[in-house]
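> model this:
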Amino acid sequence: MSEEVTTPPAPIAPPAPSRPLRWIANFVLGGALLAVVVVVVAATLARFDVIGKLAGFIPFYLALNPARALSLIGLLALGWTLWKKRGSALKLATGTVLSLALLAAIYTMLVIPGGRVPPIHDITTDLSDPPQFVTLHVDPVSTGPFSREEWRAFHQGAYADIGPIVIDKSPAQVLADAQALAEARGWEIAAYEPAAGRLEATATAGYVRFYDDVIVEVTPIADGSTRVDMRSVSRVGVSDVGYNAARIRSFLADLQAA
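Have a look, this model is predicted:
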């Protein structure tokens, strides 16, 4: 008597995703890829001065709302796909992850820091008499769209801790230390004038490498020590997202310790 051979039932394939779901997956992935490519290419071109700095930065700024929308649509569609077990969710998940990554980058680098500081880009240790550039072409005070009084109020409210420092060295030695620190940071020295007690340089900020002009001014004090003032000014934009204040704090702390 022969035994009957039974074949196991074929596994049941998950239902194919519906046409709207496929369209949503393509939309989220395509939109996320397009946004990331545009942001990265524009920022990289601006970094190497192929296009203007603001032209390279604006796509990153404008990507905020598209990244929000794509992330929300992707999360909702992904949740529906997993709940209904409607086919593969790989494409949808990839697009959602890319959208969330772009959104996180914008919040981390722009939205959150920008919300903590005022919309100004000229920071100085002396509000009543800011150090003045001679070699570099910088306005006496760069207040952006605000009056000088508004700029001063913003500055005092956010950067009350930033002020001149006193170092127990001669002005010439302090300025030499400042030059060494500036060169170590990769700044481009525009002027080094020990007789005038002035150092001017250009620094860069962020991946786009925005140009910020910096001046360090040393003044002798009767007891032989030196007063140091500093000013850092962004060439373009309204808010510097705190870069200039951070630069001054860091530089003066290192100069004090030199």
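> got the contact list for the residue nearest to residue 209 when sequence neighbours are not counted?
Among residues not flanking residue 209 along the chain, residue 47 sits closest, at 5.2 Å (C-beta to C-beta, 6 or more residues apart in numbering). For every residue, glycine as well, the C-beta is placed using N, CA and C. For residue 47, the contact set (C-beta atoms under 8 Å, 6 or more residues apart in numbering) comprises 56, 207-209.
> likewise residue 57?
42-43, 46, 208, 210, 237.
> Got the confidence number for it?
In this prediction, residue 57 carries a pLDDT score of 96.
> next SSE after the helix or strand hosting it?
Assigned by DSSP states H and E, residue 57 belongs to helix 53-62. Toward the C-terminus, helix 53-62 is succeeded by helix 64-84 as the next helix or strand (DSSP H and E).
> Could you list the buried residues of the lengthiest strand in the chain?
Assignment by DSSP state E gives strand 210-220 as the longest strand of the chain. For strand 210-220, the buried set under the neighbour-count rule, 16 or more other C-beta atoms under 10 Å, comprises 210-218.
> got these as CSV, with pLDDT and distance to residue 152 columns?
Putting the buried residues of strand 210-220 into CSV (pLDDT from 0 to 100; distance: C-beta to C-beta, whole Å) gives the following:
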residue, pLDDT, distance to residue 152
210, 96, 23
211, 97, 24
212, 98, 20
213, 98, 20
214, 99, 20
215, 99, 19
216, 99, 22
217, 98, 19
218, 98, 24
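> picking up where we left off before, closest one of the contacts of residue 47 to residue 200?
Checking these against residue 200 by C-beta to C-beta gives residue 209 as the nearest, at 18.4 Å.
> so where is the chain shaky, pLDDT-wise?
Filtered on pLDDT under 70, the chain yields the residue ranges 1-18, 86-88.
> Okay, strands next: where are they in it?
Under DSSP E, the chain gives strands at 122-124, 165-167, 188-193, 198-205, 210-220, 226-234.
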